[in-house]
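Asker: would you be able to build a 3D model of this:
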Amino acid sequence: MTDQAKSGARILVIDDDPDIHEICRLILEPQGYAVAVAVSGEAGRAAMAAKPADLVVLDVMMEEADAGFQTAQWLAAHHPTVPVIMLSSIADAASSLFDTSTLKVAELINKPITPQDLLKKVQLLLAARA
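Answerer: I've put the predicted structure just below:
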């Protein structure tokens, strides 16, 4: 277990899919991470304002097609040191659908992501932030 996990690093999962919430909990909580969830970009921003997370896992398409991008921009402005992993079923096409040139995220990854890859990315990003 990493030092960051031992300290109970808080991961916020912002996604409208309850299956993604459950998968993230099943992968991250046994490693010592505290996982919080939000079902929309708006709820995620409120959660971060109330109690900032150490890392955010963010979906691209939620209540609006670009809700994830809007939330990523808000996170970059209000919590610039918090790494963001964006998950999307359209990650490969995202740059042609949206302007991602100013997107400040640590990773933009296609769904599905393997449990091992998610855990590895979380560990590396939290270690780099520490």
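
Asker: where does the chain dip in pLDDT?
Answerer: Applying pLDDT under 70 to the predicted model, the residue ranges of the chain that meet it are 1-7, 90-103.

Asker: how far off centre is the strand or helix carrying M86?
Answerer: According to DSSP states H and E, M86 maps onto strand 84-88. Remark: strand 84-88 is offset 5 Å from the chain centroid, using C-alpha atoms, centre = their mean, to the nearest Å.

Asker: need the contact list for the residue nearest the centre of the chain.
Answerer: Nearest to the centroid of the C-alpha atoms of the chain, with distances taken as C-alpha atoms, centre = their mean, sits V57, at 1.2 Å. Residues touching V57, when contacts are defined by C-beta atoms under 8 Å, 6 or more residues apart in numbering, comprise 11-15, 24, 84-85, 87, 118, 122. Yep, even glycine has a C-beta here, placed from its N, CA and C like the rest.

Asker: other SSEs contacting the helix or strand that V13 is a member of?
Answerer: With elements taken from DSSP H and E, the one containing V13 is strand 10-14. Helices and strands in packing contact with strand 10-14 are listed as helix 18-28, strand 34-38, helix 41-50, strand 55-59; criterion 3 or more C-beta pairs under 8 Å, 6 or more residues apart in numbering; DSSP states H and E.

Asker: now these as CSV including distance to I113?
Answerer: Below are these laid out as CSV (distance: least, C-beta to C-beta, whole Å):
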stretch, distance to I113
helix 18-28, 9
strand 34-38, 15
helix 41-50, 19
strand 55-59, 9
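
Asker: all set now, cheers.
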